[in-house]
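Colleague: coordinates for the following, if possible.
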Amino acid sequence: MVEIRIKTLTREVVELCSGLGLTAVPEYRTPDGTRIDIAVFRGEERLVAIELEASFKWMRQRLLYNGLKAKRAGFNELWVVSHFRRPAPGWVEEYLEDENVSVSFVHPDELLEKIRLRALSARL
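Modeller: Okay, here's the model as predicted:
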């Protein structure tokens, strides 16, 4: 099993975002006291909540929890970073879509490029 190098990946995200004019906040504390692994901002605008998931166990439950955390903190975009393939779509993703939370599953090797692309689209 391949593990996510959480500290390294977090540092790389923070550095990349800084170079792109964005702010990445590790362990972002939400107004209701929960934490998002990495919150990405452009100024005051909340761009994306990133959750790093090293285990597939209880993925649906964690996806629901992470989506609700993101929504309550003002993020409408959630990226779940994991080596595991995306689970089959189900009611959790449908529910989050109804709550206007877009969910993407991202492989750790693709995260930095996805951030670059998201930064470009945020400027448009």
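
Colleague: who's in contact with residue 32?
Modeller: By Cβ atoms under 8 Å, 6 or more residues apart in numbering, residue 32 lies in contact with 72-73. Where you see a C-beta, it was placed from the backbone N, CA and C, and this is true even at glycine.

Colleague: how many residues are close by residue 95?
Modeller: 14 (other Cβ atoms under 10 Å).

Colleague: what helix or strand is it on?
Modeller: Under the criterion of DSSP states H and E, residue 95 resides in helix 91-98.

Colleague: what about residue 71, distance to residue 13?
Modeller: For residue 71, the distance to residue 13 equals 21 Å [Cβ to Cβ, to the nearest Å].

Colleague: who's more crowded, these two?
Modeller: Set residue 71 next to residue 13 and count neighbours by other Cβ under 10 Å: residue 13 wins out with 22 against 16.

Colleague: what sits closest to the more buried one if chain neighbours are left out?
Modeller: Using Cβ to Cβ, 6 or more residues apart in numbering and skipping residues adjacent in sequence, the residue nearest residue 13 is residue 24, 5.0 Å away.

Colleague: need the phi and psi values for that neighbour.
Modeller: phi -110, psi 120 (degrees, to the nearest 10).

Colleague: is the residue nearest in space to the middle of the chain bridged to anything, and to what?
Modeller: Centroid-nearest residue in the chain, with Cα atoms, centre = their mean: residue 50, separated by 1.7 Å. Beta bridges link residue 50 to residue 38, residue 79, judged by DSSP bridges.

Colleague: renumber starting at 756 from here on
Modeller: Taking 756 as the first residue, the last one we looked at is residue 805.

Colleague: show the pLDDT at it.
Modeller: Residue 805 is assigned a predicted lDDT (pLDDT) of 98.

Colleague: that one and residue 795 touch, don't they?
Modeller: Yes - contact criterion Cβ atoms under 8 Å: residue 805 and residue 795 qualify, at 6.7 Å.

Colleague: for these two, list the residues in contact with both.
Modeller: residue 768.

Colleague: in terms of pLDDT, where does residue 848 sit?
Modeller: 89.

Colleague: nope, residue 811 is what I meant
Modeller: Model confidence at residue 811 (pLDDT) stands at 66.

Colleague: with that, I have no additional questions.
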